[in-house]
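Colleague: sequence? don't have it. structure:
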Ligand SMILES: Nc1ncnc2c1ncn2[C@@H]1O[C@H](COP(=O)(O)OP(=O)(O)OP(=O)(O)O)[C@@H](O)[C@H]1O
């Protein structure tokens, strides 16, 4: 049985590196404490290679020259090859790949392994990509183009990633160059890896000042990843642990609804990357269990959700009112499939001289997801759902129900529908905010395993969750916001796979007619005539269009940029042009004067 790093510490195991960073494995049960990556097996300074994690030019900002908030040693930025091999095999940790682990030293992936990825890269070939900002680093074509060392390369292979997805091709070099980034890319297109790998690489290869863990109960993570839901936070931690396997970078999760003591124990063992929900993090900060003083990397996943009215005050508190280094000192990475302009404007407060990256077209996974919308009165919804899932079962493999995710508006509605489905011999479970965390996690597990192939959910499951084999997303109740629709349907059609999304529409959803019709049209979906008619009358229902899937740099609006010339790289397989001008939120740029800018026309239209 393999034992974890945590177990090893608990047992005074022999495989933990002593605090002096020595190379020998001690057998005496000495008091061991966590040694951050930069101190493990540290080579003499003379052997350090020059700064730069890609072969490109050094970053244009001054982040790498800053001495940090604690007046510690100068942080010299990423250093390829620095101590990389030292982590391998020195720290016992649970293998996050479990049985799926492949011997990453055996050469290229076999055809079978490649097929296992299930990713249809052709679906991404002609994807439009748009970047804006100063000196945008060029994209990479393969993972091999990036010099981040064997440990990360082996994990890429263990993940069976054959080549980077478009958002990874562009976002990884930008992040490795130390630049702040606001990235908008389709659901299921690999954003998690796009921000995790550069952070892990930066921690491994960076020369970070010592973190002050000895003699204090406070921990000092180097990176913080925030996400809006507990399940997504757990998922990101799981992914990050895979990407960081045997690199010596320790990833710890903290989220609400679960006992804090277990999380504190994990933190006490040391943390390089903390993945957290905002509420639990604030709790930990107020208890002085965590300090953000040493944060070098801040990533917000589902960043537009994190900065909308519900979360914004908490995020502002964490980022601006605690002890986190300011923008320009830390590196900030914001990712989502949607980025409304008003949220971009708020987000720019947290960024310095950032690059805006938009990958993909309206409707997130677009062509990969077949979207259908049906006119169904409230009172007919259940019988209509029954017809759909009966047909699905009849067409399913061995008469089995394909995994189907049904979104409803309310928690009560979720419970009622689940109950009704079970009564009708369709095993279902539910996930919503009134269930205990244990129940939520159990429901998710049961759904993933196919034991209950139907999951009835509120918006708590709308974002980020990567559940393999979800064949059908049904919007039993449509959301009121088109961006929520984009995220919900994005639970299917992930990583190059196809999926089906069905929405029930009636008079209660009139405000969605126009954005839904537009989004479907741009995604080359068949728009029913009745929806087009409703859409053309939409202004009287207050329906508003958001333009594309939220992917255009708000700094290019004339109201922001009256006297500037902002250039953009549009790279839909075409050439790149030099960018100039952009840079919100400090860094010498004028502030936004407020108000909504005029509707923009898409560079891709
Ligand atoms: N380069 C790659 N090759 C193959 N599969 C990949 C690659 N990168 C990521 N994936 C897989 O694609 C799936 C979706 O990735 P991920 O969850 O990061 O998407 P996302 O863009 O964050 O989606 P969402 O917007 O819904 O949060 C995951 O199962 C992930 O393992």
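Modeller: Yep, it's here. Source: prediction; values computed, not measured.

Colleague: contacts and neighbour counts: CA atoms only from here.
Modeller: Noted.

Colleague: residue ranges with poor pLDDT in the protein?
Modeller: By pLDDT under 70, the low-scoring segments of the chain are 1-92, 99-125, 209-215, 361-366, 396-400, 539-551, 558-605.

Colleague: can you give me the domain assignment for it?
Modeller: 121-359, 369-538 (the TED database).

Colleague: most tightly packed of these?
Modeller: When the domains of the chain are scored by mean count of other C-alpha atoms under 10 Å, the highest mean neighbour count falls to domain 121-359 (a mean of 21).

Colleague: stretch 285-303 close to the ligand?
Modeller: No - figure legend: stretch 285-303 not in contact with the ligand (C-alpha under 6 Å from any ligand atom); closest approach 6.9 Å.

Colleague: same question, stretch 143-162
Modeller: Yes - interface with the ligand: stretch 143-162 contributes 161-162 (C-alpha under 6 Å from any ligand atom).

Colleague: span of that stretch from start to end?
Modeller: 8 Å (C-alpha to C-alpha, to the nearest Å).

Colleague: residues from the stretch 101-250 of the chain in reach of the ligand?
Modeller: 117, 119, 161-165, 186-193.

Colleague: export the domains of the chain to CSV and tack on distance to residue 554?
Modeller: Formatted as CSV, the domains of the chain follow (distance: least, C-alpha to C-alpha, whole Å):
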stretch, distance to residue 554
domain 121-359, 6
domain 369-538, 17
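
Colleague: what about the helices in the stretch 101-250 of the chain?
Modeller: 111-117, 150-158, 166-176, 191-205, 230-243 (DSSP state H, counting those that start in this stretch).

Colleague: same check on the stretch 451-600 of the chain?
Modeller: Along the stretch 451-600 of the chain, counting by DSSP H, counting those that start in this stretch, helices occupy 482-489, 513-522, 529-536.

Colleague: just to revisit the earlier point, now, among the residues of the stretch 101-250 of the chain next to the ligand, which is nearest to residue 342?
Modeller: residue 186 (19.4 Å; C-alpha to C-alpha).

Colleague: closest residue of the stretch 251-400 of the chain to the ligand?
Modeller: Closest residue of the stretch 251-400 of the chain to the ligand, C-alpha to the nearest ligand atom: residue 337 (5.1 Å).

Colleague: does that residue really touch residue 184, like I thought?
Modeller: Yes - contact criterion C-alpha atoms under 8 Å: residue 337 and residue 184 qualify, at 5.0 Å.

Colleague: sorry, back to before: residue 98 is nearest to which of the domains of the chain?
Modeller: With C-alpha to C-alpha as the yardstick, what comes closest out of these is domain 121-359 (10.1 Å).

Colleague: so which bits of this protein are right by the ligand?
Modeller: Applying C-alpha under 6 Å from any ligand atom, we find that the chain lies next to the ligand at 117, 119, 161-165, 186-193, 336-337, 463-464, 466, 490, 494-495.

Colleague: next up, phi/psi of residue 425, please.
Modeller: Backbone torsions for residue 425, taken as degrees, to the nearest 10, come to phi 70, psi 30.

Colleague: so how far is residue 180 from it?
Modeller: Using C-alpha to C-alpha, we find residue 425 at a distance of 51 Å from residue 180.

Colleague: tabulate the helices of the stretch 451-600 of the chain in a markdown table, adding columns for distance to residue 96.
Modeller: As requested, those are exported to a markdown table (distance: least, C-alpha to C-alpha, whole Å):
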| stretch | distance to residue 96 |
| --- | --- |
| helix 482-489 | 27 |
| helix 513-522 | 38 |
| helix 529-536 | 46 |
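
Colleague: ok, which of those comes nearest residue 367?
Modeller: Of those, nearest to residue 367 by C-alpha to C-alpha is helix 513-522, at 9.5 Å.

Colleague: all strands for the stretch 251-400 of the chain, in order.
Modeller: For the stretch 251-400 of the chain, strands defined by DSSP state E, counting those that start in this stretch occupy the ranges 251-254, 273-276, 297-301, 331-336, 355-359, 369-375.

Colleague: which one, of these, ends up nearest to residue 219?
Modeller: Nearest to residue 219 among the strands of the stretch 251-400 of the chain is strand 273-276 (10.1 Å), distances taken as C-alpha to C-alpha.

Colleague: run through who's touching that closest one.
Modeller: Residues from elsewhere that reach strand 273-276, judged by C-alpha atoms under 8 Å, 6 or more residues apart in numbering: 221-227, 233-234, 236-237, 249-255.

Colleague: quick one: residue 328 from residue 221, how far?
Modeller: 18 Å.

Colleague: quick one: contacts for residue 184?
Modeller: With contacts defined as C-alpha under 8 Å, 6+ apart, residue 184 is in contact with 335-339, 357-359, 550-551.

Colleague: with residue 375 instead?
Modeller: 504-506.

Colleague: could you find the closest non-adjacent residue to it?
Modeller: residue 505 (4.8 Å; C-alpha to C-alpha, 6 or more residues apart in numbering).
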